[in-house]
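Asks: could you look at this predicted model? Sequence included:
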Number of protein chains: 2
Amino acid sequence: MNPTPRTERVRKSPEQVRTAVHQAVLDLMAAPDGAEPTIPAIAQRAGVNHTSIYRRWGSREALLADVVTTHLERTAPLSDTGSLRGDLTAWARAGVDGIRRPEGRVLVRAVALSMPSGADTWTERARHFGRRMRSIESIRERATARGEHPPSLEDILDQIVAPFHVRAAFGIEPPDTGYPELLVSRLLGTPDTPEAG
Amino acid sequence: MNPTPRTERVRKSPEQVRTAVHQAVLDLMAAPDGAEPTIPAIAQRAGVNHTSIYRRWGSREALLADVVTTHLERTAPLSDTGSLRGDLTAWARAGVDGIRRPEGRVLVRAVALSMPSGADTWTERARHFGRRMRSIESIRERATARGEHPPSLEDILDQIVAPFHVRAAFGIEPPDTGYPELLVSRLLGTPDTPEAG
DNA sequence: CCCAATAAGCAAACATCTGTGCTTACGATG
DNA sequence: CATCGTAAGCACAGATGTTTGCTTATTGGG
């Protein structure tokens, strides 16, 4: 008896769950409706039980933060080009590629969505954002070590990072040629001329 | 008999509901926890039944969009200073005041939150954003009418608007002196020198 | 003054999201 | 091969958000 083979329920390993969930998040966020995915929706898409997600990550914010850090660091291995200008341009070029293709746009939006909205909010948000700015900081540090004088983090934020976030958030395509170079030149001055500021 | 006076349930007029709900949205978004307010929460705060909100606005996005357009146009009567530089500086100064005080930060965040996340998303988002950029466009138009040659909308977006949105979204305070002038000078060049672009 | 249209309030159904206790598969260790 | 710790799956409960049918106060027009 028991002709019904109980179920072909195959249990995924923790690593499989992690992978499947990450992919599901990226897929859902890249989907045309582009809404913030819910935990149950992610679970279904990933083919795992939603309780696994709740127990492992606890909140959607934490999950998104995990996805972001994982894939951001994978996507941007931080090219060390040997010059401040080169590093910044590379960063910006990665950003352009990022917001031009859906799967990259996703990450930029995910950064915004993974912002903590709970209790201590403002300082917490700033700290969280600081974590995302580490790649920029390391670019500055390398420049300083080389004896260059990089602009302040704030100036880089305003002139390089901000345009990407706004465009990703609002769906505005960047110019298709020379945009990274344009942004960097605004910040550092044109390659030939001395700095303007 | 009937000693219990049934209830002193006073019904609000449509206009009262509208006002109370708008104010509740602004209050809740300015609150320290800064989370996206839910419809029931808004209703309770406003002292109205939540069904009234559902029936009238239909979705939180629509409600936020309504709040934004109403208060944005009230807050920024668009000072016409007589020069492109003056207008842009005034706009930026309003932006600084905006993200420095909670009740203003609210509007900047609300713009982001009121972005449509539904069906046609990207074009829809862009259109929605375009609506928010009208004030900038009118600044450009006035400048053109005066014979000035204003920068492209895109350049203004990147260099003036973007920094505000990013800072509002991530909780980063702007420099407390000269920030509007700094941004405008980057875009137009310093007042004394000729344009740098 | 009366009447019809509009929209607020109420209650209850409905859907969805969040969290908990328990069982059980998997993998590591001895 | 036996045992144990970890974490996935399941069922269900509780909280929260969304929607609908109905009643009734308010408003404006005849």
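Replies: Now that the structure is in, tell me what you want to look at. Computed from a prediction, not measured in an experiment: that's the story for all the values here.

Asks: for chain A, what spans make up the helices?
Replies: Using DSSP state H, the helices found in chain A span residues A:14-30, A:39-46, A:50-57, A:60-75, A:84-100, A:102-113, A:121-132, A:134-145, A:153-156, A:162-170, A:179-188.

Asks: for those helices, which one sits closest to B:Arg55?
Replies: For the helices of chain A, proximity to B:Arg55 was assessed by CB to CB; helix A:39-46 is nearest, at 26.8 Å. Using the backbone N, CA and C atoms, a C-beta is placed for each residue, glycine as well.

Asks: could I get the CA-only coordinates of the closest one as CSV?
Replies: Once side chains and other backbone atoms are set aside, the C-alpha atoms of helix A:39-46 remain, and they are given as CSV (Å, rounded to 0.1, in the frame of the first residue of the first chain):
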residue,chain,number,x,y,z
ILE,A,39,9.1,37.0,1.0
PRO,A,40,6.4,34.5,0.0
ALA,A,41,6.8,35.4,-3.7
ILE,A,42,10.5,35.0,-3.5
ALA,A,43,10.1,31.6,-1.8
GLN,A,44,7.7,30.4,-4.4
ARG,A,45,9.9,31.5,-7.2
ALA,A,46,12.9,29.9,-5.6
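
Asks: angle of it against helix A:60-75?
Replies: Comparing the axes of helix A:39-46 and helix A:60-75 via axes from the mean of the first three to the mean of the last three CA atoms, to 10 degrees yields an angle of 40 degrees.

Asks: what packs against helix A:39-46?
Replies: If contacts are counted by 3 or more CB pairs under 8 Å, 6 or more residues apart in numbering or on different chains; DSSP states H and E, helix A:39-46 sits against helix A:14-30, helix A:50-57, helix A:60-75.

Asks: can you tell me the average pLDDT over it?
Replies: Over the span of helix A:39-46, the pLDDT mean works out to 96.

Asks: hmm, that helix in reach of DNA strand D?
Replies: No - using CB under 7 Å from any atom of the strand, helix A:39-46 stays clear of DNA strand D, with a minimum separation of 7.8 Å.

Asks: quick one: that helix to helix A:14-30, angle?
Replies: With the same axes, to 10 degrees as the basis, helix A:39-46 and helix A:14-30 are set at 110 degrees to each other.

Asks: gap between helix A:39-46 and the chain center?
Replies: For helix A:39-46, the separation from the chain centroid amounts to 21 Å (computed by CA atoms, centre = their mean, to the nearest Å).

Asks: run the angle between it and helix A:50-57 for me.
Replies: What separates the directions of helix A:39-46 and helix A:50-57 is an angle of 110 degrees, with the same axes, to 10 degrees.

Asks: just to revisit the earlier point, can you flag the weakest of the helices and strands packed on helix A:39-46 by average pLDDT?
Replies: When the helices and strands packed on helix A:39-46 are compared on mean pLDDT, helix A:60-75 scores lowest, with a mean of 83.

Asks: would you mark the buried spots in it?
Replies: Burial within helix A:60-75, assessed by neighbour count using 16 or more other CB atoms under 10 Å in any protein chain shown, is assigned to A:60-61, A:63-68, A:71-72.

Asks: what is it packed up against?
Replies: Contacts defined by 3+ CB pairs under 8 Å, 6+ apart place helix A:60-75 against helix A:14-30, helix A:39-46, helix A:50-57, helix A:102-113, helix A:121-132.
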